[in-house]
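Novice: Please work out how this folds:
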Amino acid sequence: MSPRRGSCLRALRPLRAALLALCGLAAGAAALAQDAGSAASAPDAGSASGTQAQAAAAQRESFRRCDEQAFLVLNIARNYMMTDRNRDAVMPVLKEDAAAVKTAEAVMDRIDAGIVRHPGQEAAAALFECAAAHGMNVGAPREQVALCFTRTDVAFFLHVERSKHVVRENAVHNVGTRLTSRALYPTALIEQVSRTVYAGAEPPDLRRLMGTVAWACIRERPRAASAAGG
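Specialist: Numbers count the residues shown, from 1 in each chain. Model prediction:
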């Protein structure tokens, strides 16, 4: 292994942890479903009848599944593209989950074929496919959703900086230098997310942080989301 690839893989260890969490834990996505307050959120089951409560629970479960699938695809695509399309950087993490392996192979094949230009594009496609299968409305156009998943790069790289004990001011500078498109990654967003990343004694949960960034963006009006990037 070259020094360059070795350092890249070491930097991706937080992402490996996020992938494992996505494959093995449902609690994080369920909590995100409540926090996000997305268009798919169901009414309060406590005030509903038995039938309404069951429908609400089914809707929350559908949202959880689609949210989980979208972030699994996002992290697979990001990991694969950031490691120069190294399948060995992706597959060992997923080997215990046959469904995740099948998903990863399909995602990597589409990247190799030039169909996928950015992980956010693939995550949005996964979310819309899952939402259609469950009869749900995402609540935002596909282009906006792809943009929102793309903006989780800010959360990911700031989390990496915090994990390396880089001070916040330098982390903001480093991430802004790495993510150069202000249309995709507004300076205000980098600053805002950095305050969350550095607020506690320890870095926040990466999966929850990425979900918060994505769903806050998805809930915006399309025009507002575009204006924020300009």
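Novice: Name the residues of the lengthiest helix in the chain that are buried.
Specialist: Ranked by number of residues, the top helix in the chain under DSSP state H is helix 50-82. For helix 50-82, burial by neighbour count (16 or more other CB atoms under 10 Å) applies to 53, 56, 59-60, 62-82. Glycine gets a C-beta too; all of them are placed from N, C-alpha and C.
Novice: so which strand or helix has Ala216?
Specialist: helix 206-218 (DSSP states H and E).
Novice: Send me that helix as CSV with only the CA atoms.
Specialist: Only the C-alpha atoms of helix 206-218 are listed here, as CSV (Å, rounded to 0.1, in the frame of the first residue of the first chain):
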residue,chain,number,x,y,z
LEU,A,206,-21.2,11.4,12.9
ARG,A,207,-24.3,9.7,11.5
ARG,A,208,-26.7,11.9,13.5
LEU,A,209,-24.7,15.0,12.5
MET,A,210,-24.8,14.2,8.8
GLY,A,211,-28.5,13.4,9.1
THR,A,212,-29.2,16.8,10.7
VAL,A,213,-27.4,18.6,8.0
ALA,A,214,-29.1,16.7,5.2
TRP,A,215,-32.7,16.9,6.5
ALA,A,216,-32.5,20.6,7.6
CYS,A,217,-31.5,21.3,4.0
ILE,A,218,-34.2,19.1,2.5
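Novice: contacting residues for Ile76?
Specialist: Applying CB atoms under 8 Å, 6 or more residues apart in numbering to Ile76 gives the contacts Leu19, Val90, Leu94, Ala100, Thr103, Ala104, Val107, Met108.
Novice: What is the least confident helix or strand in the chain?
Specialist: Every helix and strand of the chain was ranked by mean pLDDT, DSSP states H and E. The lowest is helix 27-36, at a mean of 38.
Novice: so how many other residues sit close to Leu100?
Specialist: To be clear, residue 100 is Ala; Leu isn't right here. Using other CB atoms under 10 Å, Ala100 has 22 neighbouring residues.
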